[in-house]
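K.L.:
Below are the sequence and a predicted model; questions follow.
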Amino acid sequence: MDNDLSNYRKSYDKGELLLEGVPENPLELFQKWFYEVDAYFSEDENNAMTISTIGKDGFPKNRVVLLKKFTYEGFIFYTNYNSEKGKAIAKNPNVCLSFFWHGAERQVIIKGKAEKIAPNLSDGYFESRPKGSQLGALASNQSEVVPDRAFLEDKLKTLEEEYKGKEVERPAYWGGYIVKPVELEFWQGRPNRLHDRIRYRLQDDYNWEVNRLSP
(Lines give C-alpha, C1' and ligand atoms only; values in the text may rest on other atoms or scores of the structure.)
Protein backbone atom coordinates (compact mmCIF):
# COMPACT_ATOMS: atom_id res chain seq x y z
CA MET A 1 0.00 0.00 0.00
CA ASP A 2 1.41 3.37 -1.02
CA ASN A 3 -0.91 6.38 -0.80
CA ASP A 4 0.81 9.68 -1.46
CA LEU A 5 -1.19 12.59 -0.01
CA SER A 6 1.46 15.24 -0.58
CA ASN A 7 -0.67 17.03 -3.20
CA TYR A 8 -3.54 17.68 -0.80
CA ARG A 9 -3.72 21.46 -0.54
CA LYS A 10 -6.06 23.92 1.17
CA SER A 11 -5.89 27.68 1.50
CA TYR A 12 -6.95 29.07 4.88
CA ASP A 13 -8.50 32.50 4.55
CA LYS A 14 -11.65 32.71 6.69
CA GLY A 15 -10.38 34.79 9.57
CA GLU A 16 -7.59 36.21 11.66
CA LEU A 17 -6.59 36.14 15.32
CA LEU A 18 -4.53 39.09 16.48
CA LEU A 19 -2.92 39.45 19.89
CA GLU A 20 -4.28 42.96 20.16
CA GLY A 21 -7.80 42.88 21.50
CA VAL A 22 -7.98 39.29 22.78
CA PRO A 23 -9.56 39.03 26.26
CA GLU A 24 -7.43 38.52 29.37
CA ASN A 25 -9.30 35.32 30.19
CA PRO A 26 -9.12 32.56 27.54
CA LEU A 27 -12.51 31.13 28.55
CA GLU A 28 -14.10 34.31 27.20
CA LEU A 29 -12.38 33.79 23.85
CA PHE A 30 -13.44 30.12 23.83
CA GLN A 31 -17.04 31.13 24.46
CA LYS A 32 -16.92 33.70 21.66
CA TRP A 33 -15.44 31.21 19.20
CA PHE A 34 -17.80 28.41 20.18
CA TYR A 35 -20.94 30.48 19.70
CA GLU A 36 -19.68 31.92 16.43
CA VAL A 37 -18.96 28.45 15.08
CA ASP A 38 -22.29 27.12 16.35
CA ALA A 39 -24.18 29.99 14.73
CA TYR A 40 -22.64 29.51 11.28
CA PHE A 41 -22.11 25.75 11.26
CA SER A 42 -25.02 24.48 13.33
CA GLU A 43 -25.29 21.29 11.28
CA ASP A 44 -21.99 20.08 12.75
CA GLU A 45 -21.51 18.52 16.19
CA ASN A 46 -19.48 21.47 17.39
CA ASN A 47 -19.22 20.23 20.97
CA ALA A 48 -17.31 17.15 19.81
CA MET A 49 -13.80 17.23 21.23
CA THR A 50 -10.81 14.93 21.30
CA ILE A 51 -9.52 13.97 24.73
CA SER A 52 -6.03 12.56 25.10
CA THR A 53 -4.97 10.53 28.12
CA ILE A 54 -1.86 8.57 29.06
CA GLY A 55 -2.79 4.90 29.41
CA LYS A 56 -1.53 2.35 31.89
CA ASP A 57 0.67 1.03 29.08
CA GLY A 58 2.43 4.41 28.86
CA PHE A 59 0.97 5.31 25.46
CA PRO A 60 -1.16 8.38 24.79
CA LYS A 61 -4.63 7.66 23.41
CA ASN A 62 -7.11 10.00 21.74
CA ARG A 63 -10.85 9.58 21.43
CA VAL A 64 -13.79 11.88 20.69
CA VAL A 65 -16.26 12.75 23.46
CA LEU A 66 -18.94 15.43 23.75
CA LEU A 67 -18.48 18.61 25.74
CA LYS A 68 -21.63 19.11 27.82
CA LYS A 69 -20.84 22.32 29.69
CA PHE A 70 -18.11 24.92 30.01
CA THR A 71 -17.66 27.56 32.68
CA TYR A 72 -14.88 29.81 33.94
CA GLU A 73 -13.74 26.80 35.96
CA GLY A 74 -13.39 24.36 33.10
CA PHE A 75 -14.86 21.89 30.60
CA ILE A 76 -17.29 19.13 31.61
CA PHE A 77 -17.94 15.79 29.92
CA TYR A 78 -19.48 12.49 31.04
CA THR A 79 -18.30 8.91 30.75
CA ASN A 80 -17.94 5.55 32.46
CA TYR A 81 -15.42 5.91 35.29
CA ASN A 82 -14.35 2.27 34.74
CA SER A 83 -13.62 2.81 31.05
CA GLU A 84 -10.10 2.89 29.66
CA LYS A 85 -10.10 6.68 29.78
CA GLY A 86 -11.48 6.69 33.32
CA LYS A 87 -8.75 4.35 34.53
CA ALA A 88 -6.13 6.45 32.73
CA ILE A 89 -7.42 9.64 34.38
CA ALA A 90 -7.40 7.96 37.80
CA LYS A 91 -3.71 7.18 37.32
CA ASN A 92 -2.73 10.45 35.61
CA PRO A 93 -5.26 13.34 35.60
CA ASN A 94 -3.23 15.41 33.13
CA VAL A 95 -5.20 15.42 29.89
CA CYS A 96 -5.43 17.35 26.64
CA LEU A 97 -8.62 18.42 24.90
CA SER A 98 -8.82 19.65 21.33
CA PHE A 99 -11.52 21.08 19.11
CA PHE A 100 -11.16 21.38 15.34
CA TRP A 101 -13.87 23.39 13.61
CA HIS A 102 -12.94 22.86 9.98
CA GLY A 103 -15.68 25.12 8.61
CA ALA A 104 -14.27 28.10 10.49
CA GLU A 105 -10.64 26.96 10.08
CA ARG A 106 -10.17 27.12 13.84
CA GLN A 107 -8.60 24.84 16.42
CA VAL A 108 -8.39 25.03 20.22
CA ILE A 109 -6.01 22.88 22.27
CA ILE A 110 -6.47 22.73 26.03
CA LYS A 111 -4.12 21.21 28.61
CA GLY A 112 -5.57 20.64 32.05
CA LYS A 113 -6.26 18.37 34.99
CA ALA A 114 -9.40 16.22 35.05
CA GLU A 115 -11.32 15.56 38.23
CA LYS A 116 -14.74 14.09 39.00
CA ILE A 117 -17.58 16.53 39.48
CA ALA A 118 -19.93 16.37 42.48
CA PRO A 119 -22.28 13.33 42.42
CA ASN A 120 -25.41 15.49 42.51
CA LEU A 121 -24.29 17.23 39.30
CA SER A 122 -23.80 13.87 37.60
CA ASP A 123 -27.24 12.81 38.90
CA GLY A 124 -28.83 15.89 37.38
CA TYR A 125 -27.32 15.31 33.96
CA PHE A 126 -28.09 11.57 34.00
CA GLU A 127 -31.75 12.32 34.76
CA SER A 128 -31.89 14.64 31.73
CA ARG A 129 -30.78 11.91 29.31
CA PRO A 130 -33.22 9.89 27.21
CA LYS A 131 -34.11 6.58 28.86
CA GLY A 132 -32.41 4.66 26.06
CA SER A 133 -29.13 6.42 26.80
CA GLN A 134 -29.57 5.78 30.53
CA LEU A 135 -30.04 2.06 29.89
CA GLY A 136 -27.12 2.08 27.47
CA ALA A 137 -24.90 3.22 30.33
CA LEU A 138 -26.06 0.19 32.32
CA ALA A 139 -25.75 -2.23 29.42
CA SER A 140 -22.18 -1.36 28.49
CA ASN A 141 -19.13 -2.21 30.56
CA GLN A 142 -17.22 0.36 28.53
CA SER A 143 -13.88 -0.76 27.07
CA GLU A 144 -14.41 -4.41 28.12
CA VAL A 145 -14.26 -7.20 25.53
CA VAL A 146 -17.66 -8.59 24.43
CA PRO A 147 -18.33 -11.67 22.27
CA ASP A 148 -20.48 -9.90 19.67
CA ARG A 149 -23.06 -7.18 18.98
CA ALA A 150 -25.93 -9.47 19.94
CA PHE A 151 -24.56 -9.73 23.48
CA LEU A 152 -25.03 -5.97 23.96
CA GLU A 153 -28.42 -5.85 22.27
CA ASP A 154 -29.71 -8.74 24.37
CA LYS A 155 -28.48 -7.07 27.53
CA LEU A 156 -30.25 -3.85 26.56
CA LYS A 157 -33.51 -5.70 25.88
CA THR A 158 -33.31 -7.34 29.31
CA LEU A 159 -32.82 -3.93 30.94
CA GLU A 160 -35.71 -2.44 28.96
CA GLU A 161 -37.99 -5.09 30.42
CA GLU A 162 -36.56 -4.69 33.92
CA TYR A 163 -37.02 -0.90 33.93
CA LYS A 164 -40.35 -0.74 32.11
CA GLY A 165 -42.36 1.93 33.91
CA LYS A 166 -39.51 2.58 36.35
CA GLU A 167 -36.94 5.34 36.67
CA VAL A 168 -33.29 4.54 36.02
CA GLU A 169 -30.85 5.59 38.72
CA ARG A 170 -27.39 6.73 37.76
CA PRO A 171 -24.86 3.96 38.36
CA ALA A 172 -22.01 4.92 40.67
CA TYR A 173 -19.45 4.08 37.96
CA TRP A 174 -20.85 6.68 35.53
CA GLY A 175 -20.55 10.44 35.84
CA GLY A 176 -18.84 13.66 34.90
CA TYR A 177 -15.34 15.06 34.82
CA ILE A 178 -14.31 18.67 34.73
CA VAL A 179 -11.05 19.55 33.01
CA LYS A 180 -9.56 22.61 34.70
CA PRO A 181 -7.28 24.27 32.15
CA VAL A 182 -3.71 25.38 32.72
CA GLU A 183 -3.00 26.20 29.07
CA LEU A 184 -5.14 27.02 26.04
CA GLU A 185 -3.95 27.58 22.48
CA PHE A 186 -6.16 29.16 19.83
CA TRP A 187 -5.30 28.50 16.19
CA GLN A 188 -6.76 30.36 13.24
CA GLY A 189 -5.84 29.19 9.76
CA ARG A 190 -4.23 31.86 7.56
CA PRO A 191 -2.88 31.95 3.98
CA ASN A 192 0.59 30.62 3.11
CA ARG A 193 0.64 28.54 6.31
CA LEU A 194 1.34 31.65 8.40
CA HIS A 195 -1.37 30.64 10.83
CA ASP A 196 -2.30 32.68 13.90
CA ARG A 197 -1.51 30.96 17.21
CA ILE A 198 -2.30 32.60 20.54
CA ARG A 199 -1.36 30.74 23.74
CA TYR A 200 -2.63 31.38 27.26
CA ARG A 201 -0.73 29.93 30.25
CA LEU A 202 -2.03 30.02 33.81
CA GLN A 203 0.41 31.66 36.22
CA ASP A 204 0.96 31.11 39.93
CA ASP A 205 -1.12 34.20 40.71
CA TYR A 206 -3.99 32.77 38.61
CA ASN A 207 -3.59 35.38 35.91
CA TRP A 208 -3.05 34.30 32.32
CA GLU A 209 0.14 34.95 30.37
CA VAL A 210 -0.67 35.52 26.69
CA ASN A 211 1.78 35.05 23.81
CA ARG A 212 1.73 34.78 20.05
CA LEU A 213 3.46 31.66 18.75
CA SER A 214 5.17 31.13 15.41
CA PRO A 215 3.19 28.85 13.14
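P.N.:
Thanks, I have the structure now. Residues are numbered from 1 along each chain as shown.
K.L.:
Okay, and the spatially most central residue of the chain sits in which element?
P.N.:
Centroid-nearest residue in the chain: residue 49, 3.6 Å away (criterion: C-alpha atoms, centre = their mean). Per DSSP states H and E: residue 49 is located in strand 48-54.
K.L.:
Give me the average confidence score over that strand.
P.N.:
When pLDDT is averaged along strand 48-54, the result is 98.
K.L.:
which residues are contacting the helix or strand following it?
P.N.:
As assigned by DSSP H and E, the chain's next helix or strand after strand 48-54 is strand 60-66. With contacts defined as C-beta atoms under 8 Å, 6 or more residues apart in numbering, strand 60-66 is touched by 45, 47-55, 77, 79, 84-85, 88. Backbone N, C-alpha and C define where each C-beta goes, glycine included.
K.L.:
Taking strand 48-54 as reference, get the angle to strand 60-66.
P.N.:
150 degrees (axes from the mean of the first three to the mean of the last three C-alpha atoms, to 10 degrees).
K.L.:
Quick check: neighbours of strand 60-66 in the sheet, parallel or antiparallel?
P.N.:
Sheet pairing of strand 60-66 (DSSP bridges) gives strand 48-54 (antiparallel).
K.L.:
quick one: the partner strand to chain centroid distance?
P.N.:
Once both centres are worked out by C-alpha atoms, centre = their mean, to the nearest Å, strand 48-54 turns out to sit 6 Å from its chain's centre.
K.L.:
quick revisit: buried sites along the strand holding residue 49?
P.N.:
49, 51, 52, 53, 54 (16 or more other C-beta atoms under 10 Å).
K.L.:
Quickly run through the sheet partners of the top strand by length along the chain, with directions.
P.N.:
As assigned by DSSP state E, the longest strand anywhere in the chain is strand 174-188. Under the criterion DSSP bridges, strand 174-188 sits next to strand 75-80 (antiparallel), strand 106-116 (antiparallel), strand 196-202 (antiparallel) in its sheet.
K.L.:
among those strands, which is nearest residue 187?
P.N.:
Among the strands paired with strand 174-188, strand 106-116 comes nearest to residue 187, with 4.0 Å by C-beta to C-beta.
K.L.:
helices or strands next to the following helix or strand past the closest one in the packing?
P.N.:
Using DSSP H and E, the next helix or strand after strand 106-116 towards the C-terminus is helix 119-128. Applying 3 or more C-beta pairs under 8 Å, 6 or more residues apart in numbering; DSSP states H and E, we find helix 119-128 packed against strand 75-80, strand 174-188.
K.L.:
So what touches the helix or strand residue 89 falls within?
P.N.:
If you go by DSSP H and E, residue 89 is part of helix 84-91. Here helix 84-91 makes contact (C-beta under 8 Å, 6+ apart) with 51, 53-56, 61, 63, 65, 79-81, 95, 114, 142-143, 177.
K.L.:
wait, which of the residues you listed is closest to residue 195?
P.N.:
Nearest to residue 195 among those, with distances taken as C-beta to C-beta, is residue 51, at 23.2 Å.
K.L.:
what separates that closest one from residue 166, distance-wise?
P.N.:
33 Å (C-beta to C-beta, to the nearest Å).
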